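J.: Build me a model:
(2 chains)
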Amino acid sequence: AQKITQTQPGMFVQEKEAVTLDCTYDTSDPSYGLFWYKQPSSGEMIFLIYQGSYDQQNATEGRYSLNFQKARKSANLVISASQLGDSAMYFCAMRGPIQGAQKLVFGQGTRLTINP
Amino acid sequence: EAQVTQNPRYLITVTGKKLTVTCSQNMNHEYMSWYRQDPGLGLRQIYYSMNVEVTDKGDVPEGYKVSRKEKRNFPLILESPSPNQTSLYFCASTPLERGDTQYFGPGTRLTVL
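T.: The predicted structure follows:
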């Protein structure tokens, strides 16, 4: 069974600092994908970044990067130069192999607060 | 514009009164799914569908029904809602051949009194 663990219920960071949100996963499938989503107070799920299990390089999207350490089964999200608008709930999620049901398994989330 | 729409966005109802939350996508995706979000638990899958007339249970299907009569629509039905179904509900869709794309609807906040 697949499992995602986010061990930081909440984080407080000063504006402009970099922040790392932790995510560890467990799966026996060799093929999988890892996602990070942002959920602001308005409630929608905003896709941030994706990493495939066979991708050789860490994914990056603007200020977001994914620190993918396959042997340690970790997929931490790094936000560089944090902004007040980054305050939100962040979810790490995993899907199994593309063939078949593409269910996402989510972690419990981390609430990030950026202080001015 | 590619999107997943849900209606209603907010709903307050009473125990036992049947309700339907609609979900529609305009991207011709095969795979659609419903999740519920509860504090401290993240999102959990309720039901999913891999194509028209093909549906199956997710992790928390009790108290819910779905149907997939058309490819674009995947309604969630609560035949007899109870207070423990108060939650934030998300519909999602994805093309079966791609693994890096999951489109979420805006969410439906349901309160059952």
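J.: quick one, strands of chain A?
T.: Using DSSP state E, the strands of chain A run over A:3-5, A:10-14, A:19-21, A:24-26, A:33-39, A:46-52, A:60-61, A:64-69, A:74-79, A:88-95, A:104-106, A:110-115.
J.: Just want the angle from the longest one to strand A:33-39.
T.: Put plainly, it is strand A:88-95. Compare the direction of strand A:88-95 with that of strand A:33-39 by axes from the mean of the first three to the mean of the last three C-alpha atoms, to 10 degrees and you get 160 degrees.
J.: other SSEs contacting strand A:88-95?
T.: Secondary-structure packing of strand A:88-95 (3 or more C-beta pairs under 8 Å, 6 or more residues apart in numbering or on different chains; DSSP states H and E): strand A:3-5, strand A:33-39, strand A:74-79, strand A:104-106, strand A:110-115, strand B:42-51. Where C-beta positions appear, they are placed from N, C-alpha and C, glycine not excepted.
J.: quick one, which of those is nearest to residue B:95?
T.: Nearest to residue B:95 among the helices and strands packed on strand A:88-95 is strand B:42-51 (11.4 Å), distances taken as C-beta to C-beta.
J.: What's the first helix or strand after that closest one?
T.: For strand B:42-51, the following helix or strand on the C-terminal side (DSSP states H and E) is strand B:54-57.
J.: So is the helix or strand that that following strand is followed by next to chain A?
T.: Downstream of strand B:54-57, the first helix or strand assigned by DSSP H and E is strand B:65-66. No - legend: contact between strand B:65-66 and chain A by C-beta under 8 Å from any C-beta of the partner chain is lacking; minimum distance shown is 13.7 Å.
J.: quick one: contacts of strand B:65-66?
T.: B:34, B:46-47, B:49, B:55, B:74-79 (C-beta atoms under 8 Å, 6 or more residues apart in numbering or on different chains).
J.: Of all the helices and strands packed on strand A:88-95, which one is nearest residue B:100?
T.: Short answer: strand A:33-39, nearest of the helices and strands packed on strand A:88-95 by C-beta to C-beta, at 6.2 Å.
J.: mind exporting the closest one as CSV, just the C-alpha atoms?
T.: The C-alpha trace of strand A:33-39 is given here as CSV (Å, rounded to 0.1, in the frame of the first residue of the first chain):
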residue,chain,number,x,y,z
GLY,A,33,4.7,10.0,-9.4
LEU,A,34,4.9,12.6,-6.6
PHE,A,35,3.0,15.9,-6.5
TRP,A,36,2.9,18.9,-4.4
TYR,A,37,-0.3,21.0,-4.1
LYS,A,38,-1.0,24.3,-2.4
GLN,A,39,-4.3,25.0,-0.8
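J.: what about it and chain B, any contact?
T.: Yes - contact of strand A:33-39 with chain B (C-beta under 8 Å from any C-beta) involves A:33, A:35, A:37.
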